[in-house]
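Peer 1: no sequence for this one, just the structure:
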RNA sequence: GUGAGCGUAGCUCAGCUGGUGGUAGCACCGGGUUGUGGCCUCGGAGGUCGUGGGUUCAAGUCCCAUCGCUCACCCCA
């Protein structure tokens, strides 16, 4: 039996890594533009951390975590909890009143894989900690939008406010009562959701449930004045920046720690998955984890989803040459000569390669082409005797003789100049 | 956890009502070009038809089981 990767865990092969590096590079660039600094945290944490932050009754905690029960450890299903743990553990708030952080890396959830969803997946995660200012919310959203824009990915932005610890519980109670009054008309899933996650009923795709949802009390109208004011200011900021969005009063969150502002970057191009990125405020989380009473807001973007969209929307970055110079050696002497030359070129930072199998020139040219080499230097034993090689520009097909030198240091300098 | 679909070359796939595995495309190797890549052309190599059992004179094809993958539900980035 051949050993293969386990279900939901994917290899990212070299040709695709270029795409991933493109995404990462652009993300770091944009995040740094907003003053975010990278933080790297462990993949394994105490199970308790996720239970306390994400919420005991959430799907993620109840059935999706990779946990080692005997050790009490869990592979992180998301990044925010770990970042907050690190934030508290190292007292980062003392250094700077507002901390702006980002993290990039793999997350793990034991769900059934499907398009745009894997068991090991990767997220770009951002957090701004220490401010309740609604302009911070808008700034963070604008950063996500800017990244998507610059990647050339088209999404729609939806925002909502899900209230705070003061106003959400009463609303939730009101909603449950309403749903109970219409219980018989709800679909089977929603009958269950009424008690597990009543807000999710508002988001049900079934038409009958949608009709009922229209009559349900609206969270946006029920939230407290403070939350309303905050949300209005977020919208005013987005308006000033010219960022287009739609209000979605049915948008809810799967993790318990979210408060007030929530938002999602959405697409129709990912099969059943619609969210490319999502986030929101989590004002009680840090305190709940035993840290100072500091607010925060963040978002995560799914890198697999970004990569899929880049491919689908035909925005694959065109790749440059991946090799500066390929040395085609013909004959034993020239092979040894080229070996020395390749070594010296590489020490100068030039990307250089050659073939040792003594294949035909045609075969070696093919190889140079596969390497996407900018130049090829052809050196046979004859050339070595006459001290004149041939250098070929692979894109223009121009060839020129080049004086060879027994002093390969000199020659490698000359070649380095040509190739640069 | 539930449902549906699919497993044939490294990849993408033909293979009809069972009757000798495809000159298939991409990729790979070599020749045409006696020392020049991409395009063209000719040739070559590459397979336990996922696995196990059953039906049959005969199974890639039909039946059963099993493993794997994919998509969808739930839920989520």
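Peer 2: Sure, I can see it. This is a predicted model, so every value here is computed, not measured.

Peer 1: Could you tell me how many residues sit around the residue in the stretch 251-400 of chain A that RNA strand B sits nearest to?
Peer 2: As assessed by CB to the nearest atom of the strand, RNA strand B sits closest to residue A:254 within the stretch 251-400 of chain A, at 1.7 Å. In this view, the C-beta of every residue, glycine as well, is placed from N, C-alpha and C. By the measure other CB atoms under 10 Å, the count of residues near residue A:254 is 15.

Peer 1: Model confidence score at it, please.
Peer 2: In this model, residue A:254 is scored at 78, pLDDT.

Peer 1: Helix or strand: which one has it?
Peer 2: Counting by DSSP states H and E, no helix or strand carries residue A:254.

Peer 1: Quick check: closest non-adjacent residue to it.
Peer 2: Leaving out its chain neighbours, the residue that sits closest to residue A:254 by CB to CB, 6 or more residues apart in numbering is residue A:58, at 6.1 Å.

Peer 1: what's the spacing between the lengthiest strand in chain A and its chain's center?
Peer 2: Longest strand in chain A, counting residues (DSSP state E): strand A:259-270. Its chain's average C-alpha position is 15 Å from that of strand A:259-270, according to CA atoms, centre = their mean, to the nearest Å.

Peer 1: returning to what we had before: so who does the residue of the stretch 251-400 of chain A closest to RNA strand B touch?
Peer 2: In this structure, residue A:254 makes contact with A:58-60, judged by CB atoms under 8 Å, 6 or more residues apart in numbering.

Peer 1: Now go through those residues and say which are in helices.
Peer 2: Among the contacts of residue A:254, the ones falling in helices (DSSP state H) are A:59-60.

Peer 1: those helices in the stretch 1-150 of chain A, which residues are they?
Peer 2: Along the stretch 1-150 of chain A, counting by DSSP state H, counting those that start in this stretch, helices occupy A:14-33, A:47-54, A:59-63, A:80-89, A:92-95, A:134-151.

Peer 1: ok, back up a step: need the residues that contact the helix or strand following the longest strand of chain A.
Peer 2: Once strand A:259-270 ends, the next helix or strand along the chain (criterion: DSSP H and E) is strand A:273-281. Applying CB under 8 Å, 6+ apart, the contact partners of strand A:273-281 are A:114-117, A:124, A:126, A:137, A:140, A:144, A:148, A:153, A:155, A:162, A:253, A:258-268, A:270, A:295-302, A:305-306, A:309.

Peer 1: Okay, angle between strand A:273-281 and strand A:259-270 too, please.
Peer 2: If you take axes from the mean of the first three to the mean of the last three CA atoms, to 10 degrees, strand A:273-281 sits at 160 degrees to strand A:259-270.

Peer 1: Quick check: next helix or strand after strand A:273-281?
Peer 2: Next element after strand A:273-281 (DSSP H and E): helix A:285-288.

Peer 1: Okay, now the unreliable bits of the stretch 101-250 of chain A?
Peer 2: Nowhere does the stretch 101-250 of chain A drop to pLDDT under 70.

Peer 1: For PyMOL, what selects the buried ones among the contacts of strand A:273-281?
Peer 2: Buried residues within those, by 16 or more other CB atoms under 10 Å, are selected in PyMOL with:
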select buried, chain A and resi 116+117+124+126+137+140+144+148+153+155+162+253+258+259+260+261+262+263+264+265+266+267+270+295+296+297+298+299+300+301+302+305+306+309
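
Peer 1: dump the residue contacts of residue A:383.
Peer 2: Contacts of residue A:383 (CB under 8 Å, 6+ apart): A:334, A:389-390, A:404.

Peer 1: Revised request: answer the last question for residue A:57.
Peer 2: Contacts of residue A:57 by CB under 8 Å, 6+ apart are A:196, A:256.

Peer 1: ok, it to residue A:108 distance?
Peer 2: Using CB to CB, to the nearest Å, we find residue A:57 at a distance of 20 Å from residue A:108.

Peer 1: do residue A:267 as well
Peer 2: Residue A:267 is 24 Å from residue A:108, where distance means CB to CB.

Peer 1: Just the residues contacting stretch A:208-217, thanks.
Peer 2: Stretch A:208-217 is contacted from outside by A:171, A:174-175, A:178-179, A:182, A:185-187, A:190, A:201-202, A:204, A:250, using CB under 8 Å, 6+ apart.
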